[in-house]
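> this one's sequence-less:
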């Protein structure tokens, strides 16, 4: 199970290298899933949206530095991307990983499970 990002499915401003890397993760998952399909090994990605993590906190700091908006405004703008109006909880991401590790997902392979509150 690879950890992708919604950035593997669309572009985001100011983080083009990150977006390119996460697109590569999705491509790798799809290719490896084809290569291992008959072996019973599944290959998938979990692709979270903006989550309540240190990485997102650092991203907020970068937005503030680059744009001059307040941290509070940057967070408000970030949360607006999620129709649920919140950051994703790390436990929600972990639960998606656990699902993909379990027997209920035996026929799920080559997929990217987006955990993004309906962002897209």
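That came in fine, so what should we check first? No experiment lies behind these values; they were computed from the predicted model shown.

> What helices and strands are in contact with the longest helix seen in the chain?
Under DSSP state H, the helix in the chain containing the largest number of residues is helix 16-36. On a contact count with 3 or more Cβ pairs under 8 Å, 6 or more residues apart in numbering; DSSP states H and E, helix 16-36 meets strand 2-3, strand 45-48. Where you see a C-beta, it was placed from the backbone N, CA and C, and this is true even at glycine.

> buried residues in it?
Residues of helix 16-36 classed as buried: 19, 22, 23, 25, 26, 29, 30, 32, 33 (neighbour count, 16 or more other Cβ atoms under 10 Å).

> Give me the contacts around that helix.
2-5, 7-9, 11-12, 42-45, 47, 109-112 (Cβ atoms under 8 Å, 6 or more residues apart in numbering).

> ok, now with 6 Å
By Cβ atoms under 6 Å, 6 or more residues apart in numbering, the residues outside helix 16-36 that reach it are 2, 4, 5, 7, 8, 11, 12, 43, 45, 109, 110, 112.

> could you flag which of the residues you listed are buried?
Buried among the contacts of helix 16-36 (16+ other Cβ under 10 Å): 2, 4, 5, 7, 8, 43, 45, 109, 110, 112.

> OK, contacts around the fifth one?
By Cβ under 6 Å, 6+ apart, the residues touching residue 8 are 22, 23, 25, 26, 47.
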